[in-house]
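[1] sequence and predicted structure are below.
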Amino acid sequence: MTILIKNATVLDLKKFAAVENDILIEGNKISKIGVDIEVNEKENLKIIDGSNKVALPGLINGHTHVAMTLFRGAADDLPLMDWLNNVIWPSESRLTGEDVYWGSLLGIVEMIKSGTTTFCDMYFFMDEVAHAVEQSGIRAILSRGMVAIDPANGEKGLKESVDFIEKWQGKANGRITTALAPHAPYTCPPEFLKDVIWEAKRLNVPINIHISETLDEISIIKERYGTTPVRHLESLGLFEVKTIGAHLVYVDDEEIQILKRYQVGAIHNPQSNMKLASGIAPVAKMLEAGVLVGLGTDGAASNNDLDMIEELRTASYLQKVSSMNPEALNAKTSIAMATSLGARALGLTEVGLLQEGYKADIILLNTNETNFYPRHNIFNLIAYSAKGADVDTVIVDGEVIMEKRQLTRLDEEKIKFEANKRGLKLVAG
Ligand SMILES: N[C@@H](CCSC[C@H]1O[C@@H](n2cnc3c(=O)[nH]cnc32)[C@H](O)[C@@H]1O)C(=O)O
Ligand SMILES: [Zn+2]
């Protein structure tokens, strides 16, 4: 299939320019960006009218637990440890694979409809998540979360993870890649983390882990190991493996240097951190130091949606108000965190930019709604005025998976029905 997008406002996130251009997609790649592209082939050619639309790289949600859409709105207004221990983990103990499948589809539909084309997930029943990704057409890094407070559970998690990686790495034409996901330094003892590091090196996959999310975590790690989470993980050698670290709310200057030195992807989840009152990550400082900072929504039960446009705006506003500096985290930087920089944070090299040779993961925003007028500055409009619902068309790996807000592969009504039924039953117990 060849796709030609005509006359769209194309964002170049390297030069931070917006130019009216055509985009030619051949197979799963962007083959050309330019003015008045001519295509000889008429068969198998799809033309998309890009007028009144802005094309940008698909958004990258760097941290999710996608099937947690099932618990959206079930337990709000609690701190992390109460929320996990008293509500979420008991409900999760009742989960079945089928529940996770429908919950994942619900989350994926929500992400596609708000412009996300890649997400990085940590959950369990990952075969079902992978099936949902495969069917939906989206791209994902998938990892089986491992909690090793009980060593037998850790061992089970690690075995399932290895099996999962061997089965799914590179599947769905490369849309699915995998990682190893020890849940956090407070739920995974050092001996277990060492086994995980060893396996990650053997399998050549990244590590996806929550780090320094709350003050509770800081005191637990201090009490157990006499240090901070980042230093603790560094001393275990964890960062020798490409690491995707979620949260990193509590990090000092020296730890920021450690994150930079090892090119740890620091995934900021501002809405989750605000809602659980976890704290404010020093994102502006990390960016200044050259840390690879990406953005994520976290699970829908602590956000409570998966809309990355809203998330990038929140990230910007949170840095501004916490530093009392309106120049902090400007429009272009927050857009980059949700796209090009987010891709680098996850270690992805062929997505996150609209560039010839890159994978064709492209979204078109409809800029004909009132919130896009007048057209002073397209970067400011996207960062501060756009909404998930402005996303009109979504292309992943060279395939249109949403056009004019209609999903081409999934039955949205059936997914809502199943996820609602299952979510209500799980929480009721
Ligand atoms: N409990 C599972 C695997 C854990 S998957 C990842 C876990 O992260 C939990 N989670 C979701 N959001 C957060 C967060 O912000 N911080 C820490 N954990 C979270 C989520 O509820 C899920 O249980 C088992 O070993 O059988
Ligand atoms: Zn999380």
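    Done, it's in. Note that the coordinates shown come from a computational prediction; the quantities given were computed from them, not determined experimentally. Ligands and ions are numbered 1, 2, ... in the order given.
[2] name the SS class of the residue most central in space within the chain, please.
    By Cα atoms, centre = their mean, the chain has its centre lying nearest to residue 61, at 1.8 Å. Assigned by DSSP: H, G, I helix; E, B strand; the rest coil, the conformation of residue 61 is strand.
[3] so how far is residue 361 from it?
    Shown here: residue 61 relative to residue 361, a distance of 12 Å by Cβ to Cβ, to the nearest Å. From N, CA and C alone the C-beta is placed, and that goes for glycine too.
[4] name the SS class of residue 31, please.
    Applying three-state DSSP: residue 31 is strand.
[5] neighbours around it, how many?
    A count of neighbours around residue 31, defined by other Cβ atoms under 10 Å, yields 15.
[6] which SS class is residue 3?
    Here residue 3 is recorded as strand under three-state DSSP.
[7] does the residue nearest to it when sequence neighbours are not counted sit in a helix, a strand or a coil?
    Closest residue in space to residue 3, ignoring its immediate chain neighbours: residue 25 at 4.1 Å, by Cβ to Cβ, 6 or more residues apart in numbering. When classified by three-state DSSP, residue 25 comes out as strand.
[8] please renumber the chain so that the first residue is 677 from this point on.
    In the new numbering, first residue 677, that becomes residue 701.
[9] just confirm residue 1040 is within a helix.
    No. Residue 1040 is assigned strand when assessed by three-state DSSP, not a helix.
[10] phi, psi for residue 999 please.
    Backbone torsions for residue 999, taken as degrees, to the nearest 10, come to phi -100, psi 0.
[11] would you confirm that it contacts residue 960?
    Yes. Contact criterion Cβ atoms under 8 Å: residue 999 and residue 960 qualify, at 6.4 Å.
[12] how about the residues of the chain by ligand 1?
    Residues of the chain found near ligand 1 (Cβ under 6 Å from any ligand atom) are 741, 756, 760, 764, 768, 798-800, 821-823, 829, 833, 859-860, 886, 889, 948, 974-975, 978.
[13] filter those to the buried ones?
    By neighbour count, with 16 or more other Cβ atoms under 10 Å, these hold 741, 756, 760, 764, 768, 798-800, 821-823, 833, 859-860, 886, 889, 948, 974-975, 978 as buried.
[14] from those, which ones fall inside helices?
    756, 768, 833, 948 (DSSP state H).
[15] in a markdown table, list those residues along with distance to residue 749 and pLDDT.
    Formatted as a markdown table, these follow (distance: Cβ to Cβ, whole Å; pLDDT from 0 to 100):
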| residue | distance to residue 749 | pLDDT |
| --- | --- | --- |
| 756 | 17 | 85 |
| 768 | 16 | 93 |
| 833 | 28 | 98 |
| 948 | 15 | 97 |
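[16] and the two most separated of those?
    833 and 948 (22.6 Å; Cβ to Cβ).
[17] for residue 804, see how far away whichever residue of the stretch 927-1076 of the chain sits closest to ligand 1 is.
    Closest to ligand 1 within the stretch 927-1076 of the chain is residue 975: 4.7 Å, counting by Cβ to the nearest ligand atom. Look at residue 975 and residue 804: by Cβ to Cβ, they are 16 Å apart.
[18] same deal with residue 904?
    Distance, residue 904 to residue 804, using Cβ to Cβ: 36 Å.
[19] now for the helix or strand that contains residue 819, which elements pack on it?
    Taking DSSP states H and E as the criterion, residue 819 maps to strand 815-822. In terms of contacts (3 or more Cβ pairs under 8 Å, 6 or more residues apart in numbering; DSSP states H and E), strand 815-822 is packed against strand 792-799, helix 802-812, helix 827-844, strand 852-858.
[20] go through these and pick out the most buried.
    strand 792-799 (a mean of 28; mean count of other Cβ atoms under 10 Å).
[21] what angle separates it from strand 815-822?
    10 degrees (axes from the mean of the first three to the mean of the last three Cα atoms, to 10 degrees).
[22] now tell me which helix or strand of this structure has the poorest mean pLDDT.
    Least confident helix or strand of the chain, by mean pLDDT, DSSP states H and E, is helix 756-758 with a mean of 87.
[23] helices or strands next to that one in the packing?
    Against helix 756-758 (3+ Cβ pairs under 8 Å, 6+ apart) you get no helix or strand.
[24] show me what contacts the residue lying closest to residue 845 once chain neighbours are set aside?
    Leaving out its chain neighbours, the residue that sits closest to residue 845 by Cβ to Cβ, 6+ apart is residue 854, at 4.9 Å. When contacts are counted by Cβ atoms under 8 Å, 6 or more residues apart in numbering, residue 854 touches 817-819, 840-841, 844-845, 881.
[25] I'd like the residues you listed as JSON lines, with distance to residue 866 and pLDDT appended.
    Below are the contacts of residue 854 laid out as JSON lines (distance: Cβ to Cβ, whole Å; pLDDT from 0 to 100):
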{"residue": "817", "distance to residue 866": "25", "pLDDT": "99"}
{"residue": "818", "distance to residue 866": "26", "pLDDT": "99"}
{"residue": "819", "distance to residue 866": "20", "pLDDT": "98"}
{"residue": "840", "distance to residue 866": "24", "pLDDT": "98"}
{"residue": "841", "distance to residue 866": "22", "pLDDT": "98"}
{"residue": "844", "distance to residue 866": "28", "pLDDT": "98"}
{"residue": "845", "distance to residue 866": "27", "pLDDT": "98"}
{"residue": "881", "distance to residue 866": "20", "pLDDT": "98"}
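[26] hang on, residue 957 packs against residue 924?
    Yes. In this structure, residue 957 is within contact of residue 924 by Cβ under 8 Å, at 5.7 Å.
[27] what do those two both touch?
    942, 944.
[28] now do stretch 914-932, average pLDDT.
    Across stretch 914-932, pLDDT averages out at 98.
[29] which of the helices or strands spans residue 1085?
    Counting by DSSP H and E, residue 1085 is part of no helix or strand.
[30] would you quantify the distance from the residue nearest to it when sequence neighbours are not counted to residue 910?
    Nearest residue to residue 1085, sequence neighbours excluded (Cβ to Cβ, 6+ apart): residue 813, at 5.2 Å. Distance of residue 813 to residue 910, computed by Cβ to Cβ: 38 Å.
[31] which of those two has more residues huddled nearby?
    The neighbour comparison of residue 813 against residue 910 (other Cβ under 10 Å) goes to residue 813, with 23 against 20.
[32] burial count for residue 1096?
    When neighbours are counted by other Cβ under 10 Å, residue 1096 registers 13.
[33] so it: helix, strand or coil?
    Secondary structure, three-state DSSP: residue 1096 is helix.
[34] quick check, pLDDT for it.
    97.
[35] for the least confident helix or strand of the chain, what is the distance to the chain centroid?
    Mean-position distance between helix 756-758 and its chain equals 22 Å (Cα atoms, centre = their mean, to the nearest Å).
[36] no more questions from me, cheers.
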